[in-house]
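Undergrad: let me see the structure of the following:
(chains A and B)
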2 protein chains.
Amino acid sequence: MSGIYLDHQAASPVDSRVAEFAGPFLSSGFGNPSSLYSSGLAARAALEEARAKVADLINAESPESIVFTAGSTEANNLAIRGTALRNAARGKKLLASQIEHISVLNPHKDLKKAGFELDLVPVDSTGIIDLSALERMIGKETVLTSVMYANSEIGTIEPIKEVSALVHEKGNFLHVDAAAAAGKVRIDVQKDNIDLLTISSNDLCGPQGAGALYVKPGLRIQPVAFGGGQEKGLRPGTENLYALAGFGEAARLARLEGAGESERLKAIRDALIGEILKIDEAYLTGHPAKRLANHASFRFSRIEGESILLTMDAMFDIQVSTGSACSSRTLEPSHVLLAIGLKHEQAHGSMIMTLGRSNNSDQIPAIASATKKTVERLRALSPL
Amino acid sequence: MSGIYLDHQAASPVDSRVAEFAGPFLSSGFGNPSSLYSSGLAARAALEEARAKVADLINAESPESIVFTAGSTEANNLAIRGTALRNAARGKKLLASQIEHISVLNPHKDLKKAGFELDLVPVDSTGIIDLSALERMIGKETVLTSVMYANSEIGTIEPIKEVSALVHEKGNFLHVDAAAAAGKVRIDVQKDNIDLLTISSNDLCGPQGAGALYVKPGLRIQPVAFGGGQEKGLRPGTENLYALAGFGEAARLARLEGAGESERLKAIRDALIGEILKIDEAYLTGHPAKRLANHASFRFSRIEGESILLTMDAMFDIQVSTGSACSSRTLEPSHVLLAIGLKHEQAHGSMIMTLGRSNNSDQIPAIASATKKTVERLRALSPL
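TA: The predicted structure follows:
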């Protein structure tokens, strides 16, 4: 990667300290945590150490409240299907914010086949959830409410404490997808009274293929896949020890360094936003202040995000995103940008930059200049 | 790992050539295969190269028939739930052999909640499926039949070609769990007319956290988790590029070297079996000839498998297994050993050795001697 990489949310390189820590689990330190001989017990110990580190990052009551998965999509599926199906006796209504990730929205939608009703809670033009709408829409029969900690496309951080108060006053359980937020925002599941929380390893610069679901002690959920008894029967299959050990170490580093790194990235982010908003008809998407420290997102009138991405890459070796990578191969406009009130043609002109450890303030002039030249070039070509 | 490791089925170290091949995907070569810029396209190309290598290992019609998952448990769940639920109009009866792995049996059992009926096809005393029972039990309303390629506890290789002929004459679709067999036996999904086949990366000395489901072109299945459109909508979530690239390379090496390596291991296995059967009241479990080249499994009267495992580890630094690692923390006797007709007390005296690249014939005397001493020691302590 020779250029400037600004899409850490789609994929992040594994932190070299994490790779060094977890490397032995690929070779000499391998083992199956379910095996009873000494190397199996060592593997089990490594797994439990990782679990404790992840629990610490979010101030979970105990490591036992962490269920390891192969990623945030699996954790979201387990949270939503596992909670709704297990607790359907409380009611078969579901709520989710309009701007949830598709790995949250799609499990909710699929539950309609099982007789659940889903309603989507609107957000304002900055992406903040409409709390009075939530209050009107929620009731005792609402078994699960999903509101993300922060949105990956527009960076907006949601008022989770207020959401949690409403959910626990009027509804039942709160699921929070914190894949984009963990490590960037200090998360405290006890203080915020969160029932279920999703975290992703790679978003912390840990290996891909690992994620976790926090489940509040006492909350009963059911598995969504069936096999061995791993993860207390909630997630069968031999544990991916390399990825999970690395995830644990990444969580430990994020707990120690997240606040400082966020301060550093915020300064770069704000300078970048300042420069890019100087471009004609450039607009910030998402909330100007309540946003992830590493997240800068924009829209430009009269041009296409996909063309921005391709031009920035080909001409300037700068990698940006134009929406969720998971949806990038569809031609649909982003459901997030539509939810904050943009028209289809406005939503198509989106550019997202997510900063990470490889970025520094020296890169700001090059990024700003490349963006300006890209926008001008595309507008000159545009028939609009 | 200083001693002699004989539990390659529970966990295998990643082949050093695989680690070298896939290593760059942890750092400089990382990327999200759904991203549209150059490094994303390179990630996509690496993913598709891996898919082609896995397809080649089993002579699949095309790479498109391979769905990547996070492991064999997930592949088995997708095969069974995804096929049964999508094709329920053909009938709601399921068949599985009595000795399937629990990641096959448990998804089948869970489908009873969705109105499916499950029957288990018996096996003989060597673990070979009873074909005439299968013929009696199967019918047009049998939507799915699961018979494993080879059993991980007793090593027996099933007559898949005959099973396939019966399933396609009288029933509908055949699922074959080849997690234990792939790489050890030459698998040809076209010649054997297999509809769905499960493979695991780590069983090929590839990284943990990767598996695949082969789905015959034309067979429609549905996803069992919901989110992004990865893997043609059948398995959502950002792809674990390191694990999948490594899986592909491991599959390529297995295709090139599997036959030779199996010949080498078979000679060690046969010598080991010869030595160990000299021990008083030691019996081979599984089929004497139709068994995996790397697999030697025994039972010893009057002692416990768990004690064998712990003694071999503590006194001789030799790691063996006493059953599926996935079930190792239960006190239940193995359903596989009960299915081949052993009594509870016989089933408890099980020891399994699965050989791999680190094993050689020089180790045979030490393994045989350690086993003999362990058995004698435990029998001397035994009250039975």
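
Undergrad: and the one helix or strand A:Ile352 maps to, what other elements does it pack with?
TA: Using DSSP states H and E, A:Ile352 maps to strand A:350-354. In terms of contacts (3 or more CB pairs under 8 Å, 6 or more residues apart in numbering or on different chains; DSSP states H and E), strand A:350-354 is packed against strand A:295-300, helix A:305-316. In short, each C-beta sits where N, CA and C put it, glycine included.

Undergrad: what about the last one, near chain B?
TA: Looking back up the chat, that one is helix A:305-316. Yes: Helix A:305-316 reaches chain B (CB under 8 Å from any CB of the partner chain) through A:306, A:309-310, A:312-314.

Undergrad: average pLDDT for that helix?
TA: Per-region confidence: helix A:305-316 scores 95 on mean pLDDT.

Undergrad: now the strand holding A:Ile352 and strand A:295-300, what's the angle there?
TA: Orientation check (axes from the mean of the first three to the mean of the last three CA atoms, to 10 degrees): strand A:350-354 against strand A:295-300 gives 160 degrees.

Undergrad: so what's A:Ala212 up against?
TA: A:54, A:66-69, A:75, A:198-199, A:201, A:247 (CB atoms under 8 Å, 6 or more residues apart in numbering or on different chains).

Undergrad: ok so it is a helix residue?
TA: No: according to DSSP: H, G, I helix; E, B strand; the rest coil, A:Ala212 belongs to no helix; its state is strand.

Undergrad: and the gap between it and chain B?
TA: Distance, A:Ala212 to chain B, by CB to the nearest CB, to the nearest Å: 14 Å.

Undergrad: bridging residues for that residue?
TA: A:Phe68, A:Ile199 (DSSP bridges).

Undergrad: that one and A:Val185, how far apart?
TA: 16 Å (CB to CB, to the nearest Å).

Undergrad: dump the helices and strands packed on strand A:350-354 to CSV, plus mean neighbour count.
TA: Listed next are those as CSV, based on neighbours: other CB atoms under 10 Å in any protein chain shown:
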stretch, mean neighbour count
strand A:295-300, 26
helix A:305-316, 20
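
Undergrad: show me which of the residues of helix A:305-316 next to chain B is closest to chain B.
TA: A:Asp313 (3.7 Å; CB to the nearest CB).

Undergrad: output the strand holding A:Ile352 as CSV - backbone C-alpha positions only.
TA: What follows is strand A:350-354, C-alpha atoms only, in CSV (Å, rounded to 0.1, in the frame of the first residue of the first chain):
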residue,chain,number,x,y,z
SER,A,350,-21.0,10.4,-1.4
MET,A,351,-17.3,10.1,-0.3
ILE,A,352,-16.2,8.6,3.0
MET,A,353,-12.8,8.8,4.6
THR,A,354,-12.0,6.7,7.7
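
Undergrad: now the element after it, going C-ward?
TA: Following strand A:350-354 toward the C-terminus (DSSP H and E): helix A:364-381.

Undergrad: list the buried residues in that following helix.
TA: A:364, A:367-368, A:370-372, A:374-375, A:378-379 (16 or more other CB atoms under 10 Å in any protein chain shown).

Undergrad: what is the nearest of the residues you listed to B:Gly3?
TA: The nearest member of the buried residues of helix A:364-381 to B:Gly3, counting by CB to CB, is A:Ile367 at 54.3 Å.

Undergrad: mean confidence for stretch A:154-161?
TA: Mean predicted confidence for stretch A:154-161 is 98.

Undergrad: helices or strands up against the worst-scoring helix or strand of chain A on mean pLDDT?
TA: Least confident helix or strand, chain A: helix A:344-347 with a mean of 91, by mean pLDDT, DSSP states H and E. Secondary-structure packing of helix A:344-347 (3+ CB pairs under 8 Å, 6+ apart): helix A:335-339.

Undergrad: is chain B within reach of the helix it packs on?
TA: No: looking at helix A:335-339 against chain B by CB under 8 Å from any CB, there are no contacts, and the closest approach is 12.8 Å.

Undergrad: got a list of contacts for that helix?
TA: With CB under 8 Å, 6+ apart, helix A:335-339 has contacts from A:98-99, A:102, A:105, A:122-123, A:127, A:151, A:153-154, A:285, A:299, A:323-324, A:344, A:346-347, A:350.

Undergrad: roughly how far out does it sit from the chain middle?
TA: Here helix A:335-339 is found 17 Å from its chain centre; the criterion is CA atoms, centre = their mean, to the nearest Å.
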